[in-house]
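>>> here are the coordinates; sequence isn't available:
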DNA sequence: CTAAGATTCGAACGAACGTTCGAACTGAAA
DNA sequence: TTTCAGTTCGAACGTTCGTTCGAATCTTAG
């Protein structure tokens, strides 16, 4: 690994940390310059723009997650095992690279043009892989079609990606236990056996309500 | 409702839409001026700063969600029903005010100082209410302590709040059905009856791996 | 050593930012 | 009509932004 690559990686790591702390758009190149002890102009020897920094972080991130996932899924047939691997892979990467993964989740729309398209395509591939696993899982059961596949897929990603809002990898809860809990929650639910029957019909508003956030105007 | 209040609300609505589209920090007061047809200086007759705009959006948002939730929860005892109401309330507000709720979820850390504290306190109250409901639900069952309460709470919020990344209120899937699916998924799981047993032990990496996003360096 | 490329940076660029200020306009009360 | 508070805005402020450029410094092959 060349000196150039090492320093670029150091810059990307640092940029990811700051992007995660104060968001991409309110981080200045001067912030990154200060944190890396590389002069403002010097940064542009390692990237052609601030946006490329964000792109490189996101692209590296996705590349590694996908790469490792495909390795781990090789030869596995059982859908339940597949899902377990998927969740474990996603969360352990997340926990080991909180800044980068937060940037990946939170700054999805901060890229524009080709860079955005490139990352979105990868993201789509990743999402579809998850959806496929859930589809296989559903097929392998008797009770089919209970829960919409799209809803389930995004619910899974929501559960997993939301952790950047609360999870502390240094805290008491280990990543592996977190993955176990979320897998169990997703597969078996929070209170298996309970039917949410009365919820779905009795508690609905009986008439049209004003659901607007703002007082006194129609929603 | 005075003319002043009406115009302020119009500005807040518009600002929320733009904040949701291109994020708070990359939206300029000039963008809001252009979209509202209020001059740049004119905006400052209705707010004292750009940050106050964000605060007013978030605070109004939370106020209404909490207010309506407390109304609907009044007198309800059954934890399952409570949870159903909570999810339905959250999601229907989300769907009816996608921009504002996206801003609330996505720009949580964009406020600073007292404004941040104020919104955070409200958010905390809301989170604790959800946690309390889940606690009661867990108490009312035999199988206790299966899933960590903190994990479950944040998983629920992750599932719900993530919808700003994919859900289209104008699309085929109705909010009520979305709420039903998510409630069912959370309570009963995606495939109730399946034990994720083999996942938790067999598929773990047998040795320490490099989990870093970056190639060639230690994680 | 010398030469040549790779790396670094101080200084500056034009553009865009949030905010302010005083003047102009408006509408209703007197 | 006069008055005055409420509302609007053009113009400008000081600051910070991403980026560039030419020169200086460092590294290494010959």
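Here it is on my side, so go on. Values in this document were obtained by computation on a predicted structure and should not be read as measured data.
>>> Look up phi and psi at the residue lying closest to residue A:92 once chain neighbours are set aside.
Residue nearest to residue A:92 in three dimensions, not counting chain neighbours: residue A:175, with 5.2 Å by C-beta to C-beta, 6 or more residues apart in numbering or on different chains. For the C-beta atoms, the positions are set from N, CA and C on the backbone; glycine is no exception. Dihedral pair for residue A:175: phi -60, psi -40, per degrees, to the nearest 10.
>>> list the contacts for the nearest residue to residue A:38 once chain neighbours are set aside?
Closest residue to residue A:38 apart from its sequence neighbours, by C-beta to C-beta, 6+ apart: residue A:11 at 6.7 Å. Residue A:11 sits next to A:32, A:36, A:38, A:43, A:46, A:47, A:53 when contact means C-beta atoms under 8 Å, 6 or more residues apart in numbering or on different chains.
>>> Does the third one belong to a helix, a strand or coil?
When you say that, I think you mean residue A:38. Three-state assignment for residue A:38 (DSSP: H, G, I helix; E, B strand; the rest coil): coil.
>>> Would you format the contacts of residue A:11 as JSON lines with pLDDT included?
Output for those, formatted as JSON lines (pLDDT from 0 to 100):
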{"residue": "A:32", "pLDDT": "98"}
{"residue": "A:36", "pLDDT": "98"}
{"residue": "A:38", "pLDDT": "98"}
{"residue": "A:43", "pLDDT": "98"}
{"residue": "A:46", "pLDDT": "98"}
{"residue": "A:47", "pLDDT": "98"}
{"residue": "A:53", "pLDDT": "98"}
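>>> and of those, the nearest to residue B:159?
For the contacts of residue A:11, the minimum distance to residue B:159 (C-beta to C-beta) is 31.5 Å, reached by residue A:53.
>>> Tell me which helix or strand residue A:45 sits in.
Secondary structure from DSSP states H and E places residue A:45 outside every helix and strand.
>>> Distance check, it against residue A:97.
With the distance defined as C-beta to C-beta, to the nearest Å, residue A:45 ends up 25 Å from residue A:97.
>>> Comparing those two, which residue is more hemmed in?
Set side by side, residue A:45 and residue A:97 show more neighbours around residue A:97, with 26 against 13, by other C-beta atoms under 10 Å in any protein chain shown.
>>> quick one: pLDDT of the closest residue to the more buried one other than its chain neighbours?
In this structure, residue A:97 finds its nearest non-sequential neighbour in residue B:213, 4.6 Å apart by C-beta to C-beta, 6+ apart. For residue B:213, the pLDDT comes out at 85.
>>> Contacts only, for residue B:213.
Contacts were defined as C-beta under 8 Å, 6+ apart; by that measure residue B:213 touches A:60, A:61, A:64, A:65, A:93, A:97, A:100.
>>> Restricted to helices, list those residues.
Residues of those located in helices (DSSP state H): A:60, A:61, A:64, A:65, A:93, A:100.
>>> which helix in chain A runs the most residues?
Max-length helix for chain A by DSSP H is helix A:113-139.
>>> now the helix or strand following that one against helix B:149-161, angle please.
Using DSSP H and E, the helix or strand that follows helix A:113-139 in sequence is helix A:149-161. Relative orientation of helix A:149-161 with respect to helix B:149-161: 130 degrees, computed using axes from the mean of the first three to the mean of the last three C-alpha atoms, to 10 degrees.
>>> other SSEs contacting the helix or strand that helix A:149-161 is followed by?
Downstream of helix A:149-161, the first helix or strand assigned by DSSP H and E is helix A:175-188. Contact partners of helix A:175-188 among helices and strands, from 3 or more C-beta pairs under 8 Å, 6 or more residues apart in numbering or on different chains; DSSP states H and E: helix A:79-96, helix A:149-161, helix B:149-161, helix B:175-188, helix B:197-202.
>>> ok, so what distance separates the residue nearest to residue A:97 from residue B:168?
Distance from residue B:213 to residue B:168, counting by C-beta to C-beta: 32 Å.
>>> For residue A:10, which residues are in contact?
By C-beta under 8 Å, 6+ apart, the neighbours of residue A:10 are residue A:36.
>>> Test my guess that residue A:83 contacts residue A:134.
Yes: counting by C-beta atoms under 8 Å, residue A:83 does reach residue A:134; the two are 7.2 Å apart.
>>> What is the neighbour count of the closest residue to DNA strand C within chain A?
Here the residue of chain A nearest DNA strand C is residue A:41; by C-beta to the nearest atom of the strand that distance is 2.6 Å. Here the number of neighbours of residue A:41 (other C-beta under 10 Å) works out to 9.
>>> how near is it to DNA strand D?
Per C-beta to the nearest atom of the strand, to the nearest Å, residue A:41 is found 3 Å from DNA strand D.
>>> Model confidence score at that residue, please.
If you check residue A:41, the pLDDT there is 98.
>>> Please apply the same query to the one 4 residues further on.
Confidence at residue A:45, expressed as pLDDT, is 98.
>>> any idea which residue sits dead centre in chain A?
The centroid of chain A falls nearest to residue A:161 when counting by C-alpha atoms, centre = their mean (4.0 Å).
>>> Contact partners for that one?
By C-beta under 8 Å, 6+ apart, the contact list for residue A:161 reads A:94, A:101, A:105, B:158, B:162.
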